[in-house]
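In: sequence and predicted model, in that order:
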Amino acid sequence: MKHARALAFAVLTGLTLVSTGCAVMRGQTDAGTYVDDRTITAAVKAKLIEDKTTGGLSINVDTLNGAVALSGFAKSSAEKQQAENIARSTRGVREVRNNLVVRP
């Protein structure tokens, strides 16, 4: 009887995990969205580092449901604008929030 109860509990737990997935992290709807956001963040960060006019290491990139938030410091308003342009041109980005602060 103990084994049957443990088996039933394991099956019920498995069905619950399969039907709900690993979703609802940080307000996202499913695990696929979470992976897409991580991919977008990595792509934007790589482009910022590759670009010689932006200080990619001093710019933080966070993505949630395709909305990219840039934060950190820029050396000029031109660098701030270039970082936003790079983020907007990245595949999968739906919106960009440019919170960079221009540091003199």
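Out: Received the coordinates, thanks. Residues are numbered from 1 along each chain as shown.

In: all contacts plus neighbour counts: C-alpha atoms, from now on.
Out: Fine.

In: straight-line length of stretch 82-93, end to end?
Out: 15 Å (C-alpha to C-alpha, to the nearest Å).

In: can you list contacts of that stretch?
Out: 36, 40, 43-44, 47-48, 53-54, 66-68, 70, 94-96, 98 (C-alpha atoms under 8 Å, 6 or more residues apart in numbering).

In: PyMOL command for the buried members of those?
Out: Filtering those down to the buried ones (16 or more other C-alpha atoms under 10 Å) takes a single PyMOL command:
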select buried, resi 36+40+43+44+47+48+54+66+67+68+70+96+98
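
In: in the contacts of stretch 82-93, find the pair that's most separated.
Out: 36 and 53 (26.6 Å; C-alpha to C-alpha).

In: so of the contacts of stretch 82-93, which ones are in helices?
Out: Among the contacts of stretch 82-93, the members falling in helices (DSSP state H) are 36, 40, 43, 44, 47, 48.

In: how about the nearest residue to the fourth one, chain neighbours excluded?
Out: Okay, so that is residue 44. Spatial nearest neighbour of residue 44, chain neighbours left out: residue 87 (5.6 Å); criterion: C-alpha to C-alpha, 6 or more residues apart in numbering.

In: what helix or strand is the one you found located in?
Out: Per DSSP states H and E, residue 87 falls inside helix 77-88.

In: mean confidence for that helix?
Out: For helix 77-88, mean pLDDT is 96.

In: show me what counts as buried in that helix.
Out: 79, 80, 82, 83, 84, 86, 87, 88.

In: and what of stretch 56-72?
Out: 56, 59-72.

In: any idea which of those is least confident?
Out: Among the buried residues of stretch 56-72, residue 56 has the weakest pLDDT, 80.

In: for residue 65, see how far away it is.
Out: 22 Å.

In: what of residue 59?
Out: In terms of C-alpha to C-alpha, residue 59 sits 20 Å off from residue 65.

In: thinking again about what came up before, state the pair within the buried residues of stretch 56-72 that is farthest apart.
Out: 56 and 65 (22.1 Å).

In: contact partners for residue 58?
Out: For residue 58, counting by C-alpha under 8 Å, 6+ apart, the contacting residues are 72, 73, 74.
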